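Asks: Sharing a model that was predicted from the sequence below.
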Amino acid sequence: MTMNVPADPMAHELFDEIARWPIFDVHSHIDPHRPAARTLDEVLGYHYYTELAHSAGMPTDKVAAELAPRVRARNLAEHLEKIDNTVQYSWLLEIARTFHDFPHDRITPQNVGDLYDRAERAARDGAAWDREVWTKTHLEAVFLTNAFDDPLEGWDTHRYVPCLRTDDLVLKLHEPTTVDRLRRTSGLDVQDFASLRRAIGVLFERFVRRGARACAISLPPDFAPRRGAPKRAVTPIRRALHQMDLRPDEHAEIRRTVFWTLAEFCAEFRMPFDLMIGPIRNVYPAGVAGGRDLVDHRVSLHEYAELFNHFAGVTFPVSTLSPAAGAELVAYAWIFPNVLPLGHWWYSGIPAFIAAELKARLQAVPKGKVVGYYSDAYKLEFVLPKFNMFRRVLSETLAEAVRDHGWTTDRALDLARLVLLENPRRIFGLGGAES
Amino acid sequence: MTMNVPADPMAHELFDEIARWPIFDVHSHIDPHRPAARTLDEVLGYHYYTELAHSAGMPTDKVAAELAPRVRARNLAEHLEKIDNTVQYSWLLEIARTFHDFPHDRITPQNVGDLYDRAERAARDGAAWDREVWTKTHLEAVFLTNAFDDPLEGWDTHRYVPCLRTDDLVLKLHEPTTVDRLRRTSGLDVQDFASLRRAIGVLFERFVRRGARACAISLPPDFAPRRGAPKRAVTPIRRALHQMDLRPDEHAEIRRTVFWTLAEFCAEFRMPFDLMIGPIRNVYPAGVAGGRDLVDHRVSLHEYAELFNHFAGVTFPVSTLSPAAGAELVAYAWIFPNVLPLGHWWYSGIPAFIAAELKARLQAVPKGKVVGYYSDAYKLEFVLPKFNMFRRVLSETLAEAVRDHGWTTDRALDLARLVLLENPRRIFGLGGAES
Amino acid sequence: MTMNVPADPMAHELFDEIARWPIFDVHSHIDPHRPAARTLDEVLGYHYYTELAHSAGMPTDKVAAELAPRVRARNLAEHLEKIDNTVQYSWLLEIARTFHDFPHDRITPQNVGDLYDRAERAARDGAAWDREVWTKTHLEAVFLTNAFDDPLEGWDTHRYVPCLRTDDLVLKLHEPTTVDRLRRTSGLDVQDFASLRRAIGVLFERFVRRGARACAISLPPDFAPRRGAPKRAVTPIRRALHQMDLRPDEHAEIRRTVFWTLAEFCAEFRMPFDLMIGPIRNVYPAGVAGGRDLVDHRVSLHEYAELFNHFAGVTFPVSTLSPAAGAELVAYAWIFPNVLPLGHWWYSGIPAFIAAELKARLQAVPKGKVVGYYSDAYKLEFVLPKFNMFRRVLSETLAEAVRDHGWTTDRALDLARLVLLENPRRIFGLGGAES
């Protein structure tokens, strides 16, 4: 059985070629010290499986942290049959077959032990396994999600590219751990907005020096960027830094001001600022780890217009969590030079939604602005099957253009190369879109 | 001419098999005392035809209640040509041809008399006709929509399964008829929240005893369930029960509290609680009966998160009226174990929207949670053509999976059987999802 | 290379027939005194090209008004390669090949001079060129967008049909030029609501006398029509007419009241009132002319229910800018006799969105109410390629119906003729939908 190969002959031909190319992955949660999975448990522990199995009836304690990894994997395998219709399950099977020569076409409680053994043998020498997965994936670079106090040391940052993740600074400044971490990593005695600003500058300098290529943040649907009013924000920020009580409007003022400050540094350091718009955290608190966040489709990019206008020199690659905003993203990327559609994210990252979004982007956004896909993976093994899912949809979309517009296959492949490789390389090159 | 048969050969093959199966229909408005139509007027009186004909120019008085049934049917037939492009019209033609051996491929003012006669002859013995339609439809069970004071007597509740419809209690508690009906049916002197609660308990007991398998409600887009504050609600509820004036915030408090109370009884009686989210009633008051309600797409399932969390033991099959919320429903059903996507409803119930919603559900929701379809029919004759519409879309969707993922046809049929038969049977079995 | 010809044989057959028909175009921005382009610069100056090129990196000064036309065209051509994936680019190429026998399949900085020369030669005799483009396009009529003070003289209004555009009256009444223009064109001393009303009546009389077939307006997403309260509006309107300061609520009252007044005149004069819902003006002020407006998908037709109810005798052809409202438009047109889906507009006017919207409309809206398409063009040359884009999508949609529902090709073509020709002719005939 071949997997993820389009049935349409023209799409098949395009896919065969595209599948040979390297992968340039501009957003992931890979741990550069331990990029590939050491056990099958680390693969099955991806939140997509635990949350879907839980949604299908598995109690959360079946995958509790205190269980032995093999037990956890076995417990989860008992529920895999219930989600074997999903695209997420298809990634799992592709991993088993591609990386572990798994001969079966389903993972069952009966054969999961065998698969566990295969994965364990493969990863016995961790570093060698990391290299093997990297090579089989034909990976060129994968971007990380680094906490602002990550020392960014101990790995090849040309392969595992740092990316400054800033959610904590914007959304959790009032929490004591945030301030402590900020003081420690910046070496500055952060006490007020002025010293906070300097500390953020220190972070940017360190990240850029260590090869970071993007700043990133995920923002809830009720966040609306507005030009900060530093005078108005001074007192709330000082109160937040000292964990004093804050009114909701003060929280909002802090978020807006810190976010705006980050955008200013992105401008100064010529860093793209990835905006991942839409998730609401902890909507289902009783869920498994990573499986508690959801979405509200009533968010509009119009709230971001002031930001896009003010920071004309900052490139904003944008992902929206809800497909309902997908058409807006096409319109904003079609008008604003600095707004780019970035991949297909999370709840929007299934073929049905990808196909609809991709077709519109390729019909109406300048081709050099479309960043095709990123894996969002936690373990290297997922990069290949997730990209193959996207490559298949892309091949089908391009096959239609070949048929309907009389394009040559070369022209279709040029466009594919642009959105998969050349755009990400150029847009996330040091110095931003202009470089 | 064959109808509703997919052109794609693989889809055709799947459809041929699926069309042989029984139908398990979890939501309708069938009258169990008179399930099949007695005249063609009762078929043409389905609001889809009167509202579309009116929208196409037919004055409402052409289908007024005081007209003779044959005149009404004739009047409507004069406008059918104007809607012969619609999927709703295709159901009508399928009824005429399947149940009445109608030889023409259009219903016209010229041949509607013949069709009227055929339908009248067929239904001369009403009970026999009910059985014939039931058998030809291969119906296994059809759920009803029962007012809370329905005596639930006089029919086989294994075939015509009761379902407690609760809109009046939540949305019209302040109307005198609601309280009167509640007092009469419960035998309790409902005067305040405490006695209201007891009365609702009496309803649930009676419905469950009589084989009810679900509680259901349709909710307007501006309704947001919140945990009730009984102390705060006590006074407004008392005032409502005595038809005293209420402020808008008091109305809102009553709705929230009664709704929450119903969810508590669903938990106690292990009843699935069907949420049909989105309609606004009487938006077009000058319309025909049943054709006055519309939609506002600005409603989000995020408003329901507190409900889904609090009642983790209650199964919530959810229909959304606006396709704009369809992607949210996929996300919420993918995360919450107790949230299930339920069919494709009303303004979302046309193939273009069904295909998009269904593909996403089958790609990302655990297969055991997808409730494929329900007819929403008022007369038995509509169950078959409406299900056939869905079965065709399902066959086309599965044919794609067969081609693109190398599935066997057996695997595709297993998934079809699950969403069409096994899931509805299990989920709406007595005792809810756990049974 | 053939362009815009569907690959599917049945769709191809339908397209070949449909492409032979005349075009009846119910909305454009054509200048009747100078309908076809006199230079290639007027073609390349269409905002789709300047805004997409700018979005792809071209500075706005490269297409500044003060540049020589040939320089501007040359500058733009340097950026065309960056947008050659878009559907908008495909219109350009179709113009070059159809109207100028351009032999290449790309427009480059190298060959744009040749194309410029061809276009210049073609338009040497402007009037002859207008006729040639008209004839090649097989144009039957094209509707204009006329300012309320347009003298409407000097052209054949049966071919170039006047349409009263009313944005300025509703949205800019407080600006001095608006009042001045209104006084001048009406010959009335407009000083208050009563005289404003009389002046608007004068406009309607003149437009109708000169053959106008529609009143049109584009409305921002935050506009919600409500029945005017003339007593409350009297003072704000007087203040607006004298450029006195206005509070936001007074602005809102003025907009609502003037809009409602326009609807009253549409009723009186039996004019269809085109509602183009969704654009927000000047969201990106640094953009090129015509490329600064955007969208917020959080707008619902429910806000228009009061209007649709009150003016039951007025036909409202409705375009929505955001595809997110597309399903609502289907529902509202399915229920309200006087609401019609009108074409596929601007950010929704790309094949991906057209296909989805069109399929739903043809499945659920009475066929006589669907107004297929309008060009929105500024120059005659664009009517043909834009209509061909729509005709291709329509052919593909109908080919599916032929295959899936056993329709004959004649039946499919009848439906195509209705939505492309007969509906627009009838709906925009003098006297409105009833005539």
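Replies: Structure's in. What do you need? On a predicted model such as this, the values are computed, not experimentally measured, just so you know. Numbering: from 1, shown residues only, chains lettered A, B, ... in the order given.
Asks: got a list of what residue A:234 touches?
Replies: Contact analysis of residue A:234 by CB atoms under 8 Å, 6 or more residues apart in numbering or on different chains lists A:192, A:193. Placement of C-beta: from N, CA and C, glycine included.
Asks: one more time with 10 Å
Replies: Residue A:234 makes contact with A:192, A:193, A:194, A:253, A:257 under the criterion CB atoms under 10 Å, 6 or more residues apart in numbering or on different chains.
Asks: Provide the secondary structure category for the residue lying closest to the second one once chain neighbours are set aside.
Replies: Same thing as residue A:193. Once flanking residues are discounted, residue A:193 sits nearest to residue A:237: 4.5 Å by CB to CB, 6 or more residues apart in numbering or on different chains. Classification of residue A:237 using DSSP: H, G, I helix; E, B strand; the rest coil returns helix.
Asks: Check residue A:237 and give its pLDDT.
Replies: Per-residue confidence for residue A:237 comes out at a pLDDT of 96.
Asks: Then the one 3 residues further on?
Replies: Listed pLDDT for residue A:240 reads 95.
Asks: Tell me the spatial nearest neighbour of it, not counting adjacent residues.
Replies: That would be residue A:174: by CB to CB, 6+ apart, it lies 4.1 Å from residue A:240.
Asks: Ok, residue A:64 next?
Replies: Nearest residue to residue A:64, sequence neighbours excluded (CB to CB, 6+ apart): residue A:72, at 7.6 Å.
Asks: from what I can see the one you found touches residue A:58, true?
Replies: No. Contact criterion CB atoms under 10 Å: residue A:72 and residue A:58 do not qualify, at 11.1 Å.
Asks: Between the two, which contacts overlap?
Replies: residue A:50.
Asks: What's the separation between the residue nearest to residue A:193 and residue C:72?
Replies: The gap separating residue A:237 from residue C:72 is 49 Å, by CB to CB, to the nearest Å.
Asks: Would you mind telling me which of these two has the busier surroundings?
Replies: residue A:237 (28 against 22; other CB atoms under 10 Å in any protein chain shown).
Asks: Quick check, the more buried one in contact with residue A:231.
Replies: No. Residue A:237 is beyond contact range of residue A:231, at 11.1 Å (criterion: CB under 10 Å).
Asks: overlap in contacts of the two?
Replies: Common neighbours of residue A:237 and residue A:231 (CB under 10 Å, 6+ apart) are residue A:193.
Asks: How far does stretch A:305-313 sit from its chain's centre?
Replies: 23 Å (CA atoms, centre = their mean, to the nearest Å).
Asks: again with stretch A:171-179
Replies: Chain-centre distance of stretch A:171-179: 23 Å, with CA atoms, centre = their mean.
Asks: Give me the distance between the residue nearest in space to the middle of chain A and residue A:389.
Replies: Closest residue to the average C-alpha location of chain A: residue A:376 at 3.5 Å, with CA atoms, centre = their mean. According to CB to CB, residue A:376 and residue A:389 sit 12 Å apart.
Asks: rewinding a little: mind giving me the ChimeraX select for the contacts of residue A:234, buried ones only?
Replies: Selection of buried members from those for ChimeraX, criterion 16 or more other CB atoms under 10 Å in any protein chain shown:
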select /A:193,253,257
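Asks: Okay, now stretch A:236-253: how far is its last residue from its first?
Replies: End-to-end distance of stretch A:236-253 (CA to CA, to the nearest Å): 8 Å.
Asks: hang on, I meant stretch A:165-177
Replies: One end of stretch A:165-177 sits 16 Å from the other (CA to CA).
Asks: In it, which residues are buried?
Replies: For stretch A:165-177, burial by neighbour count (16+ other CB under 10 Å) applies to A:165, A:166, A:167, A:168, A:169, A:170, A:171, A:173, A:174.
Asks: Assess the claim that the third one and residue A:217 are in contact.
Replies: Yes. Counting by CB under 10 Å, residue A:167 touches residue A:217, with 5.5 Å between them.
Asks: Report the set of residues contacting both of the two.
Replies: The contact lists of residue A:167 and residue A:217 share residue A:276, where a contact means CB under 10 Å, 6+ apart.
Asks: residues from the stretch 301-435 of chain A in reach of chain B?
Replies: Residues of the stretch 301-435 of chain A lying near chain B by CB under 10 Å from any CB of the partner chain: A:321-324, A:326, A:346-356, A:392, A:396.
Asks: All the strands of chain A, in order from the start?
Replies: Using DSSP state E, the strands of chain A run over A:23-25, A:139-143, A:160-161, A:163-165, A:214-219, A:273-277, A:279-280, A:294-295, A:316-320, A:339-341.
Asks: What's the mean pLDDT across the second one?
Replies: Averaged over strand A:139-143, pLDDT sits at 98.
Asks: got the CA positions of that strand in CSV?
Replies: Provided in CSV are the C-alpha atoms of strand A:139-143 (Å, rounded to 0.1, in the frame of the first residue of the first chain):
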residue,chain,number,x,y,z
LEU,A,139,15.5,18.1,6.1
GLU,A,140,17.3,21.3,5.3
ALA,A,141,16.4,23.3,8.4
VAL,A,142,13.8,23.2,11.1
PHE,A,143,12.8,26.3,13.2
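Asks: now it and strand A:214-219, what's the angle there?
Replies: Angle, strand A:139-143 to strand A:214-219, by axes from the mean of the first three to the mean of the last three CA atoms, to 10 degrees: 60 degrees.
Asks: Could you give the separation of strand A:139-143 from the chain centroid?
Replies: On CA atoms, centre = their mean, the centre of strand A:139-143 falls 13 Å from that of its chain.
Asks: who's in contact with the nearest residue to residue A:140 once chain neighbours are set aside?
Replies: Sequence neighbours aside, residue A:22 is the residue nearest to residue A:140 in space, at 4.1 Å (criterion: CB to CB, 6+ apart). Listed by CB under 10 Å, 6+ apart, the contact set of residue A:22 reads A:137, A:138, A:139, A:140, A:141, A:420, A:421.
Asks: What is the nearest of the residues you listed to chain C?
Replies: When these are compared for distance to chain C (CB to the nearest CB), residue A:420 wins out at 13.9 Å.
Asks: Contacts only, for the spatially closest residue to the closest one that is not a sequence neighbour.
Replies: Nearest non-adjacent residue to residue A:420, counting by CB to CB, 6+ apart: residue A:372, 4.8 Å away. Counting by CB under 10 Å, 6+ apart, residue A:372 touches A:24, A:26, A:341-344, A:354, A:358, A:361-362, A:387, A:390-391, A:393-394, A:415-421, A:423-424.
Asks: cool, residue A:276 as well?
Replies: Counted by CB under 10 Å, 6+ apart, residue A:276 has contacts A:27, A:165, A:167, A:216-219, A:317-321, A:342-343, A:345-346, A:376.
Asks: does it have beta-bridge partners, and which?
Replies: residue A:218, residue A:319 (DSSP bridges).
Asks: about what we covered before: please enumerate the shared neighbours of residue A:376 and residue A:389.
Replies: Contact with both residue A:376 and residue A:389 is made by residues A:344, A:349, according to CB under 10 Å, 6+ apart.
Asks: Contact partners for the residue nearest to the centre of chain A?
Replies: Residue A:376 makes contact with A:25, A:27-30, A:48, A:145, A:276, A:319, A:343-346, A:349, A:382-383, A:386 under the criterion CB under 10 Å, 6+ apart.
Asks: Drop anything exposed from those.
Replies: Buried among the contacts of residue A:376 by 16+ other CB under 10 Å: A:25, A:27-30, A:48, A:145, A:276, A:319, A:343-346, A:349, A:382-383, A:386.
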